[in-house]
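Colleague: Quick one, structure for this:
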Amino acid sequence: MLKVAALAFLPAAAVLFGIMAVPLAMMPAIHDSFSQGATLYYGAAALSFILAVPVSWYVARRMLSRRERALLDAGAGRGRKD
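Modeller: The predicted structure follows:
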């Protein structure tokens, strides 16, 4: 599941950044101050990367088949040694 989550990480981060960037583009106060706008956009990029970790894990979990999810659930209860 880690491979699927890694595959879904960048698209999830991009979508989250887009969702955060649209309200920032609408703020008229940012257009006057470059440093304030750059700080807010960099903050949105960093926050999107942080939030993309649980989102990509959730997306990866939803992408698995029913059989794969059952195998993961069965293995999670036991102390597996890989």
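Colleague: any idea how far residue 50 is from the residue nearest to residue 37 when sequence neighbours are not counted?
Modeller: Once flanking residues are discounted, residue 37 sits nearest to residue 30: 3.9 Å by C-beta to C-beta, 6 or more residues apart in numbering. The C-beta positions use only the backbone N, C-alpha and C, and glycine is treated the same way. Distance of residue 30 to residue 50, computed by C-beta to C-beta, to the nearest Å: 22 Å.
Colleague: try residue 24
Modeller: On the measure of C-beta to C-beta, residue 24 and residue 50 end up 17 Å apart.
Colleague: likewise residue 4?
Modeller: 20 Å.
Colleague: and the two? which has more neighbours close in?
Modeller: Set residue 4 next to residue 50 and count neighbours by other C-beta atoms under 10 Å: residue 4 wins out with 17 against 11.
Colleague: So that one: helix, strand or coil?
Modeller: Using DSSP: H, G, I helix; E, B strand; the rest coil, the structure places residue 4 in helix.
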